[in-house]
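>>> Sequence first, then the predicted structure, then my questions.
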Protein chains: 2
Amino acid sequence: MPVRQGRYTLLLPSAPGIAGYAAVGGKKEGEGPVGGKLDYIYDDATAGEKSWEKAESVIHRDALTRAISKAGISPADVDVIFAGDLLNQCTGTTFGIRELGIPFAGVYGACSTMALSLAAAAVCVDSRIAETAAASTSSHFCSAEKQFRMPLEYGGQRTPTAQWTATAAGAAIVSGKESKIHIEKVIIGRIQDYGIKDPNNMGAAMAPAACRTIADFLNDTNTVPGDYDLILTGDLGAVGSELLCELMIKQENIDISAVQDDCGLILYDIVKQKEIGAGGSGCGCSGAVVCSDIFNKIENGELKRVLFVGTGALMSSVSSLQSESIPSVAHGVLLTGG
Amino acid sequence: MPVRQGRYTLLLPSAPGIAGYAAVGGKKEGEGPVGGKLDYIYDDATAGEKSWEKAESVIHRDALTRAISKAGISPADVDVIFAGDLLNQCTGTTFGIRELGIPFAGVYGACSTMALSLAAAAVCVDSRIAETAAASTSSHFCSAEKQFRMPLEYGGQRTPTAQWTATAAGAAIVSGKESKIHIEKVIIGRIQDYGIKDPNNMGAAMAPAACRTIADFLNDTNTVPGDYDLILTGDLGAVGSELLCELMIKQENIDISAVQDDCGLILYDIVKQKEIGAGGSGCGCSGAVVCSDIFNKIENGELKRVLFVGTGALMSSVSSLQSESIPSVAHGVLLTGG
């Protein structure tokens, strides 16, 4: 049963395990540094569908059914799924999973969705509400560009701070069964809004939320950055990561720079893949990185304690057109090996 | 600590209580049958803001802060809030609550959001993850019409099966403190899709989801419709309610017609308020009805056992334009008095 540690953190005494996980991506993700660790690479971004939205649903379902299958179970064994995505009304998720018959608790956290859904699934398993809970998310470069920015055909120039929405999906099955990967603690974040209005600089908008949640977590658990092999944000990109490290020092007097990395900088090599800009983003970015590279490394002992902090920009294209600033939130899960 | 009852239902042994609740609405909602029970009526649909979206955020925050204040606490006392709405990327919620500093777990369930958020809040309190959890949602006729259908200025004709998106918000504070209203059981629904494609007939699209969840709940708990004073759907309207009662008989051999009512038919008088069409809809419809009329009646003993089943249509305007059918989901909470 979860126990509160400090004001915002929950300790999960049973440390629920990851029974199965999977990640899929598009061509560009396949060509990136973790491409070899993805379960499947879609060379065709349409996934054989007639629209980008339908393609996103296909990759979402694919990651989920692979994770279920790798956990050695069937969809009927999953007690509840927490899932969501960036598309209006989360249709990447709802159309993707509608045929599976799993009790569906929709979550919305923008790019923090993988952390939010993993946290919810782990809490359910730890409190024995569910024996088996799933967490999944997706994003698609083309459906996101179409929805949030410009039609692809317009060929608009990207600013240097802009991030690249990943065509990717990640899914994990959480249960009490033996596993080499555990979720020990979770934290639900508080919305921060520092007045950033540029939707082409999401890293800057989200850094304050990551800062707040990491500081709250370290404070609640009475730990320091050195207690973690990795403090993994997702997805701040290069600009947001730098701002986060600065903010942590100036605002909280904590230096995380030695252990911080970002899913948006792991999924792509922004030096070689210049078109990526400041790094990856989109729910599927941290979803795919955590559900491939990170879980792999925890499983094989390369990483032992990873504080994964998913960050979400809680705006819409309408709010940006109305000159609103970008509120953001960050949720954290402590992933441990052994 | 929650205990599973049957395959899909959770029994909450501590039966968390409603410590405070509030509902606000627009002019039309104020003129309806439960108008006198709303905490505040906005005669001006803009709520003094420059856009419908900003207005929705204002009424969302208003309902929430009223509920918090009626619970005799402050926002800092709320351990977690589960909230969401119908706007793209749930901005009605995120911009509404961003200043309150409450840990925010965004949920997405379309019009089932009040049930989903209440269920999540109750589960958290029962498993002592939170001492105090909030649940809130909102919708706005003008922001929803603009987003899902036609610009208001277009003055399009409405079909007889169309429902009216409520300009309303509802919020509830769940805690272990003494209360006259309790949440005894919850059920998270499974997505159903019977192939309905008409976004002007949401009642028909959502009736199968309500049918599935009600049947699962009655089966899990080994109860019959007569064990409840009210099986309250939200929001199927007149067309969907009739279809639900038919489906329950034909598919499940259960007659709920004697105890079924619908939030979309409680918020408005569809005979007098002809423009409403088949009934109310939108997250705020069931949010406002439950957080005013229903909680009032449980508090004063008029109702003792209410199975509230929120129904959500999980489509977007894009999916409808792509000729997709409308998947739907229904989540249930058993509200009891005493």
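That came through, no problem. Numbers count the residues shown, from 1 in each chain, chains lettered A, B, ... in the order given.
>>> Just give me the neighbour total for A:N300.
10 (other CB atoms under 10 Å in any protein chain shown). Bear in mind the C-beta positions are built from the backbone N, C-alpha and C, glycine included.
>>> Need phi/psi at it.
phi -90, psi 10 (degrees, to the nearest 10).
>>> which ones are touching it?
If you count contacts by CB atoms under 8 Å, 6 or more residues apart in numbering or on different chains, A:N300 has none.
>>> Just the pLDDT at it, thanks.
With respect to pLDDT, A:N300 scores 97.
>>> just A:S257 next, same as before
On pLDDT, A:S257 comes in at 98.
>>> again with A:G338
81.
>>> For A:E184, see how far away it is.
Per CB to CB, to the nearest Å, A:G338 is found 11 Å from A:E184.
>>> For those two, indicate the residue with more neighbours.
Per other CB under 10 Å, whichever of A:G338 and A:E184 has more neighbours is A:E184, with 19 against 11.
>>> CA atoms only: put the host helix or strand of that one into PDB for me.
Per DSSP states H and E: A:E184 is located in strand A:181-187. Extracted in PDB, the C-alpha atoms of strand A:181-187 (Å, rounded to 0.1, in the frame of the first residue of the first chain):
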ATOM      1  CA  ILE A 181      12.800  -3.300 -13.200                       C
ATOM      2  CA  HIS A 182      10.800  -1.700 -10.400                       C
ATOM      3  CA  ILE A 183       8.900   1.400  -9.700                       C
ATOM      4  CA  GLU A 184       9.700   2.400  -6.100                       C
ATOM      5  CA  LYS A 185       8.300   5.900  -5.800                       C
ATOM      6  CA  VAL A 186       6.100   8.300  -7.800                       C
ATOM      7  CA  ILE A 187       5.300  12.000  -7.600                       C
END
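>>> list the buried ones in the following helix or strand past it?
On the C-terminal side of strand A:181-187, the nearest following helix or strand under DSSP H and E is helix A:202-221. Of all the residues in helix A:202-221, those buried under the rule 16 or more other CB atoms under 10 Å in any protein chain shown are A:202-218, A:220-221.
>>> cool, stretch A:153-168 as well?
So for stretch A:153-168, counting by 16+ other CB under 10 Å, buried means A:T161, A:A162, A:Q163, A:W164, A:T165, A:A166, A:T167, A:A168.
>>> what separates the second one from A:E275, distance-wise?
Distance check for A:A162 against A:E275: by CB to CB, it reads 10 Å.
>>> anything in stretch A:214-233 near chain B?
No: between stretch A:214-233 and chain B, judged by CB under 8 Å from any CB of the partner chain, nothing touches; the nearest distance is 9.1 Å.
>>> now do the same end-to-end measure for that stretch.
The first residue of stretch A:214-233 is 10 Å away from its last residue (CA to CA, to the nearest Å).
>>> Not counting its own residues, what contacts it?
Contacts to stretch A:214-233, defined as CB under 8 Å, 6+ apart, come from residues A:5-9, A:185, A:187, A:189-190, A:210, A:240-241, A:244, A:248, A:251-252, A:254-256, A:258-263, A:290, A:294, A:303-311, A:330, A:332, A:334.
>>> Stretch A:252-259 too?
In contact with stretch A:252-259 (CB under 8 Å, 6+ apart) are residues A:211, A:214-215, A:218, A:224-226, A:228-231, A:244-245, A:248-249.
>>> Buried only: go through these for me.
Buried, going by 16+ other CB under 10 Å: A:C211, A:I214, A:A215, A:L218, A:P225, A:Y228, A:D229, A:L230, A:I231, A:L244, A:C245, A:M248, out of the contacts of stretch A:252-259.
>>> In these, find the pair that's most separated.
A:C211 and A:D229 (20.0 Å; CB to CB).
>>> Could you show which parts of the stretch 1-150 of chain A are in contact with chain B?
Close to chain B, as judged by CB under 8 Å from any CB, the stretch 1-150 of chain A has residues A:1-2, A:4, A:8, A:10, A:50-51, A:53-54, A:80, A:84, A:86-91, A:94-95, A:97-99, A:101-110, A:116, A:120, A:123, A:127-129, A:147.
>>> Filter these down to the buried ones, PyMOL style.
Here is the PyMOL command that picks out the buried ones among the residues of the stretch 1-150 of chain A next to chain B, judged by 16+ other CB under 10 Å:
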select buried, chain A and resi 2+8+10+51+53+54+80+84+86+87+88+89+90+91+94+95+97+98+102+103+104+105+106+107+108+109+110+116+120+123+127+129+147
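>>> Looking at the residues of the stretch 1-150 of chain A next to chain B, which are in helices?
Secondary structure from DSSP state H places A:E53, A:K54, A:T91, A:T94, A:F95, A:I97, A:L116, A:A120, A:V123, A:Q147 of the residues of the stretch 1-150 of chain A next to chain B in helices.
>>> With pLDDT as added columns, please give the residues you listed in JSON lines.
As requested, those are exported to JSON lines (pLDDT from 0 to 100):
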{"residue": "A:E53", "pLDDT": "97"}
{"residue": "A:K54", "pLDDT": "98"}
{"residue": "A:T91", "pLDDT": "97"}
{"residue": "A:T94", "pLDDT": "97"}
{"residue": "A:F95", "pLDDT": "97"}
{"residue": "A:I97", "pLDDT": "98"}
{"residue": "A:L116", "pLDDT": "98"}
{"residue": "A:A120", "pLDDT": "98"}
{"residue": "A:V123", "pLDDT": "97"}
{"residue": "A:Q147", "pLDDT": "91"}
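>>> mind listing which of the contacts of stretch A:252-259 are in helices?
Using DSSP H, those in helices are A:C211, A:I214, A:A215, A:L218, A:L244, A:C245, A:M248, A:I249.
>>> can you tell me how far the fourth one sits from chain B?
The reference is to A:L218. A:L218 sits 16 Å away from chain B, taking CB to the nearest CB, to the nearest Å as the criterion.
>>> ok, now the first one?
Remark: distance between A:C211 and chain B (CB to the nearest CB) = 15 Å.
>>> go on, A:L321?
9 Å.
>>> May I ask you to confirm that A:L64 belongs to a helix?
Yes: counting by DSSP: H, G, I helix; E, B strand; the rest coil, A:L64 is found in a helix.
>>> That one reaches A:S136, doesn't it?
Yes: counting by CB atoms under 8 Å, A:L64 does reach A:S136; the two are 4.7 Å apart.
>>> between the two, what contacts are shared?
The contact lists of A:L64 and A:S136 share A:I81, A:A83, A:I97, A:A169, A:A171, where a contact means CB under 8 Å, 6+ apart.
>>> And the helix or strand where the last one lies, what does it pack against?
What it means is A:A171. Using DSSP H and E, A:A171 sits within strand A:168-175. Using 3 or more CB pairs under 8 Å, 6 or more residues apart in numbering or on different chains; DSSP states H and E, the elements in contact with strand A:168-175 are strand A:17-26, helix A:52-70, helix A:113-126, strand A:132-139, helix A:283-289.
>>> Each with direction, which strands does it pair with?
strand A:17-26 (antiparallel), strand A:132-139 (antiparallel) (DSSP bridges).
>>> Report the angle between that strand and helix A:52-70.
30 degrees (axes from the mean of the first three to the mean of the last three CA atoms, to 10 degrees).
>>> Could you pull up the residues touching the closest residue to A:Y108 other than its chain neighbours?
The shortest distance from A:Y108 to any non-neighbouring residue, by CB to CB, 6 or more residues apart in numbering or on different chains, is to B:G106 (3.6 Å). By CB under 8 Å, 6+ apart, B:G106 lies in contact with A:84, A:107-109, A:116, A:314, A:329, B:82-84, B:90, B:93-94.
>>> Helix, strand or coil: sort out A:S323 for me.
coil.
>>> Sorry, wrong one. I was asking about A:T336.
A:T336 ends up strand, using three-state DSSP.
>>> Touching, it and A:E184? I think so.
Yes: A:T336 is within contact range of A:E184, at 5.1 Å (criterion: CB under 8 Å).
>>> Show me whatever sits in contact with both of the two.
A:A15.
>>> Next, count neighbours for A:P75.
Count around A:P75 with other CB under 10 Å applied: 16.
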